[in-house]
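Enquirer: return a 3D structure for these sequence lines:
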Amino acid sequence: MEPRGFFAALFDTSFSTLITTKVIKVLYIISLVVIGLVALAFIVSAFASSPAAGVIVLVIVAPLLSLFYVVYARVLLEFIIVVFRIAEYTHELVELTRAQAPATAVTAAAPTESLLPPTHVDAPPWPGGVPPPPGAEPPPTEPPS
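Expert: Numbers count the residues shown, from 1 in each chain. Below is the predicted model of the structure:
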């Protein structure tokens, strides 16, 4: 993938350029600001309810919930970026493989025989046509005279 500008990638209708890796930092900052504003609103509403509830929310509840949501947002965004990087690296590997190996070498490397084991194996011949009890060794074969 050739590097493109943000707006050129944004309006790329073939989706050959991915913009998620470019905007992930902005999404993280926006999520931090939203989490902070929600925590602040939660603290204000708790103080409006009662001063004791406001102190509890200020000291314990809001910091814990904020920390939880910051970790959640970070893990979610990291997962998204990993998926997009896997897609980018896979695309690069395909391009490198196509550049190094001609098409005839790829088709010549395909297996022509089955890799599965045979499905039927003949049992060893037993004298008289009667098989021995389980675990018995077959009788030694005598060379023809």
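
Enquirer: ok, and the closest non-adjacent residue to L65?
Expert: Nearest non-adjacent residue to L65, counting by CB to CB, 6 or more residues apart in numbering: A39, 6.9 Å away. In short, each C-beta sits where N, CA and C put it, glycine included.

Enquirer: okay, now the unreliable bits of this structure?
Expert: Filtered on pLDDT under 70, the chain yields the residue ranges 1-4, 103-132, 138-141, 143-145.

Enquirer: so where do the helices sit in it?
Expert: Assigned by DSSP state H, the chain shows helices spanning 6-10, 20-49, 51-56, 62-100, 103-108.

Enquirer: distance from the chain centre to stretch 29-49, please.
Expert: Taking CA atoms, centre = their mean, to the nearest Å, one finds stretch 29-49 lying 34 Å from the centre of the chain it belongs to.

Enquirer: what are the C-alpha coordinates of it, in CSV please?
Expert: The C-alpha coordinates for stretch 29-49 follow below in CSV (Å, rounded to 0.1, in the frame of the first residue of the first chain):
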residue,chain,number,x,y,z
ILE,A,29,-8.1,10.9,23.3
ILE,A,30,-11.8,11.4,22.6
SER,A,31,-12.6,8.4,24.7
LEU,A,32,-10.5,9.7,27.6
VAL,A,33,-12.2,13.1,27.4
VAL,A,34,-15.7,11.4,27.4
ILE,A,35,-14.8,9.2,30.4
GLY,A,36,-13.5,12.2,32.3
LEU,A,37,-16.7,14.2,31.6
VAL,A,38,-19.0,11.4,32.6
ALA,A,39,-17.0,10.9,35.8
LEU,A,40,-17.3,14.6,36.5
ALA,A,41,-21.1,14.6,35.9
PHE,A,42,-21.4,11.5,38.1
ILE,A,43,-19.5,13.3,40.9
VAL,A,44,-21.6,16.5,40.6
SER,A,45,-24.9,14.5,40.6
ALA,A,46,-23.7,12.6,43.7
PHE,A,47,-22.9,15.8,45.5
ALA,A,48,-26.3,17.2,44.5
SER,A,49,-27.9,14.1,46.1
